[in-house]
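Undergrad: generate a structure from the sequence data that follows.
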Amino acid sequence: MKSTENCKHVISISLGSSTRDAQAVLRLGDRGVIVERRGTDGDFGKARRLMEQWDGKADAIGLGGTDLYVCAGAKRYVFRESAKLIENVRKTPVFDGSGLKNTLERKLIRKLASEGKIPIKGSKVLLVCAVDRFGMAEALQEAGAEVTFGDLIFGLNIDKPLYSLKSLGWWAELLAPLITKLPVSWFYPMGKQQEKRTVRHTKYFLENDIIAGDFHFIKKFMPDKLPGKIIITNTVTAADREMLRQAGVSILITTTPCLEGRSFGTNVMEALLVALKGSNKALSAEEYLELIEQYHIESSTEYLCAKE
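TA: The predicted structure is shown next:
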């Protein structure tokens, strides 16, 4: 059993399903970190209480199952419900993964494009939700992928694909002031809804070579079969990997490394890096990259099925 003496302690408190809870003691170089994930099944009151309970006890807290804010143009719009979750957290810094997501996912796409093992240039890519993944969105287009942005399709159930960052930005600026005031559950699966599948808009999954972005959107709306597809995502459990294997997915790439049998969300990894740094606030992109290199934090690639 791994010793927990002198370990940093990071806890992710999520609005997602408690069936995905996990705990691990990670060794990064000569540093140890206790990592926990606590799902509250969509219970905002429970999530808020856990946040307050761990304030001052954990070295850093991750917020999962929702974002704190979304950027549209030059403005940042805070989700009203999410802000209430952390309004009484005073001592321990809270991270939703946004800071690391932009850095880590951009780095991954550029690496994949330069290595050439995974075809990015010329490939058709469905990014199920791009508004919270501008780093990945920009990197995919820079690498020459033909990208379909599914924000309206999967977030709002409006069958309108977007094909440029300009149109994505226009819609984001139009809708962000309204959406951030609404209940998060209206447009994002949380709690037990994360375990229920509603097959929807299958043509977008089937006509693209690569499916990328938030795994809960992918899992909820994907068809039963995705033969030969490549998935780029994170927060994948062993059960999720088996589901994707049964669906015929050829390659699974997780933007965060596979640790103790699963990939943790970017909120966990951001909190982990800040805790290792000993900081009480978000780091710069350069600092995240430096720590990623220092601790050899790499994406994970798994070949699930031979392409048919």
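
Undergrad: buried sites along the longest helix along the chain?
TA: Determined from DSSP state H, the single longest helix within the chain is helix 98-115. Using 16 or more other C-beta atoms under 10 Å as the test for burial, helix 98-115 gives 98-109, 112-113. Heads up, the C-betas are built off the backbone N, CA and C, glycines and all.

Undergrad: distance between the helix or strand following that helix and the chain's centre?
TA: Next along the chain after helix 98-115, taking DSSP states H and E as the criterion, comes strand 124-127. The chain centroid and the centroid of strand 124-127 are separated by 16 Å under C-alpha atoms, centre = their mean, to the nearest Å.

Undergrad: quick one: buried residues of whichever helix or strand comes after strand 124-127?
TA: Following strand 124-127 in sequence order, the next helix or strand is helix 134-142 (DSSP H and E). Buried residues in helix 134-142, counted by 16+ other C-beta under 10 Å: 134-141.

Undergrad: closest to residue 254 among those?
TA: Checking the buried residues of helix 134-142 against residue 254 with C-beta to C-beta, the nearest one is residue 136 at 13.0 Å.

Undergrad: could you check how far the residue lying closest to residue 54 once chain neighbours are set aside is from residue 256?
TA: Distance criterion C-beta to C-beta, 6 or more residues apart in numbering; nearest residue to residue 54, sequence neighbours excluded, is residue 11 at 5.4 Å. Distance check for residue 11 against residue 256: by C-beta to C-beta, to the nearest Å, it reads 16 Å.

Undergrad: ok, the two, which is more surrounded?
TA: Higher neighbour count among residue 11 and residue 256: residue 256, with 28 against 23, using other C-beta atoms under 10 Å.

Undergrad: next, the more buried one: phi, psi?
TA: phi -110, psi 150 (degrees, to the nearest 10).

Undergrad: which residues touch it?
TA: By C-beta atoms under 8 Å, 6 or more residues apart in numbering, residue 256 lies in contact with 104, 234-235, 263-266, 268-269, 297, 299-300.

Undergrad: alpha carbons of the longest helix of the chain, as CSV, please.
TA: This file holds the C-alpha atoms of helix 98-115, laid out as CSV (Å, rounded to 0.1, in the frame of the first residue of the first chain):
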residue,chain,number,x,y,z
SER,A,98,-10.6,25.6,-17.7
GLY,A,99,-7.1,26.9,-17.2
LEU,A,100,-5.4,23.5,-17.8
LYS,A,101,-7.9,22.4,-20.5
ASN,A,102,-6.9,25.1,-22.9
THR,A,103,-3.1,24.3,-22.4
LEU,A,104,-3.2,20.6,-22.2
GLU,A,105,-5.7,19.9,-25.1
ARG,A,106,-4.0,22.4,-27.4
LYS,A,107,-0.6,20.7,-26.7
LEU,A,108,-2.2,17.2,-27.4
ILE,A,109,-3.6,18.1,-30.8
ARG,A,110,-0.4,19.7,-31.9
LYS,A,111,1.5,16.7,-30.8
LEU,A,112,-0.8,14.3,-32.6
ALA,A,113,-0.6,16.4,-35.8
SER,A,114,3.2,16.6,-35.7
GLU,A,115,3.7,12.9,-35.0
